[in-house]
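*Asks:* What follows is a predicted structure for the sequence shown.
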Amino acid sequence: MSADELLANARAIVAPGKGILAADESTPTIKKRFDGIGVESTEENRRLYRELLFTTEGAEKYISGVILFDETLRQNGTDGQPFPKVLQQAGILPGIKVDKGAKPLAGAPGEKVTEGLDGLRERCKEYYGLGARFTKWRAVIAIGDGLPSDYCIQANAHALARFAALSVENGLVPIVEPEVLMDGAHTIDTCFEVTERTLREVYRALRDQSVPLDQTLLKPNMVLSGKDCPQQAGPEEVAEKTVACLKSGVPEAVPGIVFLSGGQSDVEATVNLNAMNKIGGVPWQLSFSYGRALQAPPLKAWGGKAHNAAATQKAFLHRARCNGAARFGKYTDALEQEAA
Ligand code: 5MM
């Protein structure tokens with residue numbers, strides 16, 4: 001596999017003004033989302049909904065890549081074209097979630113480790129053949145009484161590095177996602193400390209396993225106050241602390257950082273990304289790889305009804321456009337109020 005292809009794809013994913021749509025919800029998660037709008041989670045409904053997102057005209061101006069779930073990578077659009085082809089034709093890179101989910105970590109009550117390394121080499125080869133050009137693996141780190149343990153951080157970092165090495169070996173740009181959860185009443189400073197510890201450990205593992213960092217991307221949480229913390233930090237503090245934390249934990253060789261939204265509202269996720277890009281002065285592109293923060297409005301607009309197709313795509317395009325502007329620190333209230 002050529003390093004040039006990986007480098008070019010990594011850079012294309014974080015091209016200025018663009019970011020990623022995370023549409024890789026596993027079957028139980030998409031069911032939860034569909035339950036929220038009263039739609040049955042059948043394979044056909046999942047296909048129909050995702051097709052609306054993938055065929056939104058103009059989204060390619062702001063969306064460089066889409067993370068798919070295994071089922072979606074193998075589905076076709078209504079015109080019979082496989083989804084990866086539909087995306088490629090729009091100039092969007094198809095990606096694939098390759099982890100098999102976070103499972104209880106033996107010997108560490110309340111903590112999880114992400115599984116899915118067995119057979120990953122073969123799956124990567126198949127996914128490349130099906131058109132995927134990047135992969136994603138999500139580790140979850142919970143903050144709590146005495147948590148996270150070093151053991152949990154190390155176990156997840158080791159798995160993330162093995163995933164990354166296998167992806168690169170097979171021509172796929174790995175998106176390394178260590179998510180420090182926002183659940184809990186902890187302060188933003190605790191989130192800073194845990195995120196910094198996690199990032200340092202992740203990059204130690206990646207280096208130990210000789211992963212070429214310039215062919216990878218990082219998908220971290222922003223540094224935020226815990227959801228139940230009485231003192232919620234505003235966007236300037238979030239941006240300042242997130243950028244400082246990244247500077248302390250992420251090597252310069254990494255071409256880009258694509259944040260997850262992690263339960264922030266759609267507007268909050270855009271405002272915070274915008275504030276970070278206003279600060280600037282970092283060696284990486286600061287971009288987005290949002291699931292909920294890009295999909296909440298279109299999902300609501302859709303409601304499972306074919307006659308809502310135009311409204312669904314309009315809502316999606318609007319969020320993509322707002323986040324595209326946030327990539328340059330140029331998102332404004334006026335833009336938020338504008339129809340797509
Ligand atoms: C879209 O949600 C993804 C899939 O989650 P499950 O495996 O639990 O179904 C998730 O990996 C996502 O890519 C990231 O967590 C970012 O999504 P958010 O919604 O936090 O921006």
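*Replies:* Good, I have the coordinates. Numbers count the residues shown, from 1 in each chain.
*Asks:* Could you list the low-pLDDT ranges of the stretch 151-300 of the chain?
*Replies:* Of all residues in the stretch 151-300 of the chain, none has pLDDT under 70.
*Asks:* Where do the helices of it begin and end?
*Replies:* 188-208, 235-249, 266-279, 292-302 (DSSP state H, counting those that start in this stretch).
*Asks:* of all the ones you listed, which lies closest to residue 136?
*Replies:* Closest to residue 136 of these, according to C-beta to C-beta: helix 188-208, at 14.1 Å. For the C-beta atoms, the positions are set from N, CA and C on the backbone; glycine is no exception.
*Asks:* just checking, what packs against that closest one?
*Replies:* Under the contact definition 3 or more C-beta pairs under 8 Å, 6 or more residues apart in numbering; DSSP states H and E, helix 188-208 sits against helix 150-169, strand 173-180, helix 235-249.
*Asks:* In contact with residue 173, which residues?
*Replies:* 6, 9, 10, 13, 95, 133, 134, 135, 167, 215, 216, 217 (C-beta atoms under 8 Å, 6 or more residues apart in numbering).
*Asks:* pLDDT value on the fourth one, please?
*Replies:* Residue 13 is assigned a predicted lDDT (pLDDT) of 99.
*Asks:* Check the gap between it and residue 157 for me.
*Replies:* Distance of residue 13 to residue 157, given as C-beta to C-beta, to the nearest Å: 22 Å.
*Asks:* what do you get for the third one?
*Replies:* Distance, residue 10 to residue 157, by C-beta to C-beta: 20 Å.
*Asks:* ok, what's across the strand from the residue nearest the centre of the chain?
*Replies:* Among the residues of the chain, the one closest to the centroid is residue 289, at 3.6 Å (C-alpha atoms, centre = their mean). On the basis of DSSP bridges, residue 289 is bridged to residue 20.
*Asks:* dump the residue contacts of it.
*Replies:* So residue 289 contacts 19, 20, 21, 22, 67, 136, 175, 219, 258, 259, 260 (C-beta under 8 Å, 6+ apart).
*Asks:* rerun that using 7 Å as the cut-off
*Replies:* 19, 20, 22, 175, 219, 258, 259, 260 (C-beta atoms under 7 Å, 6 or more residues apart in numbering).
*Asks:* now residue 90
*Replies:* residue 60.
*Asks:* Can you tell me the closest non-neighbouring residue to residue 290?
*Replies:* residue 261 (4.4 Å; C-beta to C-beta, 6 or more residues apart in numbering).
*Asks:* Distance-wise, check that neighbour relative to residue 155.
*Replies:* From residue 261 to residue 155 the distance is 25 Å (C-beta to C-beta).
*Asks:* between these two, who's got more neighbours?
*Replies:* Taking neighbours as other C-beta atoms under 10 Å, residue 261 and residue 155 compare with residue 261 leading, 25 against 22.
*Asks:* gap between the more buried one and residue 104?
*Replies:* Using C-beta to C-beta, we find residue 261 at a distance of 25 Å from residue 104.
*Asks:* quick one on the thing from earlier: for residue 242, state which of the contacts of residue 289 is nearest.
*Replies:* Of these, the one sitting nearest to residue 242 (C-beta to C-beta) turns out to be residue 259, at 8.2 Å.
*Asks:* contacting residues for the closest one?
*Replies:* 220, 222, 273, 288, 289.
*Asks:* redo that, cut-off 10 Å
*Replies:* Neighbouring residues of residue 259 by C-beta atoms under 10 Å, 6 or more residues apart in numbering: 19-20, 218-222, 242, 246, 269, 272-273, 276, 286-290, 293, 323.
*Asks:* These also near the ligand: which ones?
*Replies:* 290, 293 (C-beta under 6 Å from any ligand atom).
*Asks:* returning to that earlier point: of the contacts of residue 173, just say which sits nearest to the ligand.
*Replies:* The ligand lies nearest to residue 95 out of these, by C-beta to the nearest ligand atom, at 9.9 Å.
*Asks:* what's the following helix or strand after the strand or helix carrying that closest one?
*Replies:* Residue 95 belongs to strand 93-97 when assigned by DSSP states H and E. Using DSSP H and E, the next helix or strand after strand 93-97 towards the C-terminus is strand 102-104.
*Asks:* Report pLDDT for the residue lying closest to residue 15 once chain neighbours are set aside.
*Replies:* Excluding its sequence neighbours, the residue lying closest to residue 15 (C-beta to C-beta, 6+ apart) is residue 64, at 5.5 Å. Residue 64 carries a pLDDT score of 99 in this model.
*Asks:* Likewise for residue 340?
*Replies:* 48.
*Asks:* Alongside the ligand, which residues does the stretch 1-150 of the chain contribute?
*Replies:* Residues of the stretch 1-150 of the chain lying near the ligand (C-beta under 6 Å from any ligand atom): 22, 24, 25, 26, 29, 67, 101, 138.
*Asks:* Just say helix, strand or coil for the fifth one.
*Replies:* Under DSSP: H, G, I helix; E, B strand; the rest coil, the three-state class of residue 29 is helix.
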